[in-house]
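# The following block contains a protein sequence and its predicted model.
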Amino acid sequence: LTRLKDCIGCISEQMLAQFCLSKGLKALNLRYFNPAGAVENADHGERHNPETHLIPNLFQAIQTGNTVSIFGNTYPTPDGTCIRDFIHVSDLATGHLKAMSYLMRQAPGFIDAINLGSGKGSSVQEIVTAAEKIAQRSVKVKIEAPRPGDPPKLIAAIEKAKKVLDWEPSLSLEALLRSHWQWTQKCAS
């Protein structure tokens, strides 16, 4: 399924490129890597049902006492869980503003793609441990079978974003997790 999504993403970017060229438009594809967190003071955050992302599911499980699923613990990584790149939504918003400014300076027919992530990887187990520390509560974890097609490690290459957009994330993983925990608690009130 992951490879199918990657293929569809590639095809959609190719279709967008052809459309931009034929219509004299311009586009910049921004590829996100696991955005999470909430804006300052936890006034705005993401909440939807069903939730499929690790960090929101993790904090909901911590809050409710439910179990959170981890998909695979036998990957060739230091702790056996997948390594992923997580980016704070505020850094993502800044990336969008810089991308818009950059895109406005381009000629019609311009098309490109840029990754927006932290450029760093954390294992699923590291995220669980850090979230428990921030919440000062433990969470029940259930190890599930790995999802077909999930790579052991997926981290954004952000060198292009640094060079082209003069952008790089400024918020830490800890800040991301703290803000998301505050958002989760605010939603429960």
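Thanks, I have it. In this text the structure is predicted, and so the values were computed from the model without any measurement. Residues are numbered from 1 along each chain as shown.

# Only C-alpha atoms from now on, for both contacts and neighbour counts.
Noted.

# Against residue 175, how distant is residue 79?
23 Å (C-alpha to C-alpha, to the nearest Å).

# for the nearest residue to residue 74 once chain neighbours are set aside, helix, strand, or coil?
Using C-alpha to C-alpha, 6 or more residues apart in numbering and skipping the chain neighbours, the partner closest in space to residue 74 is residue 80 (4.4 Å). Secondary structure state of residue 80, per DSSP: H, G, I helix; E, B strand; the rest coil, is coil.

# And for residue 80, the neighbour number?
For residue 80, the number of neighbouring residues by other C-alpha atoms under 10 Å comes to 15.

# same deal with residue 169?
Neighbour number of residue 169 under other C-alpha under 10 Å is 20.

# Please apply the same query to residue 163.
Neighbours of residue 163 under the rule other C-alpha under 10 Å: 10.

# The residue nearest to residue 74 contacts residue 72, correct?
Yes: when contacts are counted by C-alpha atoms under 8 Å, residue 80 is listed as touching residue 72 (7.4 Å).

# Next one: the most centrally placed residue in the chain, what pLDDT does it get?
Nearest residue to the geometric centre of the chain (C-alpha atoms, centre = their mean): residue 34, 1.1 Å. At residue 34, the model reports a pLDDT of 93.

# Contact partners for the residue nearest to residue 74?
72, 73, 74 (C-alpha atoms under 8 Å, 6 or more residues apart in numbering).

# Closest to residue 22 out of those residues?
residue 72 (44.7 Å; C-alpha to C-alpha).
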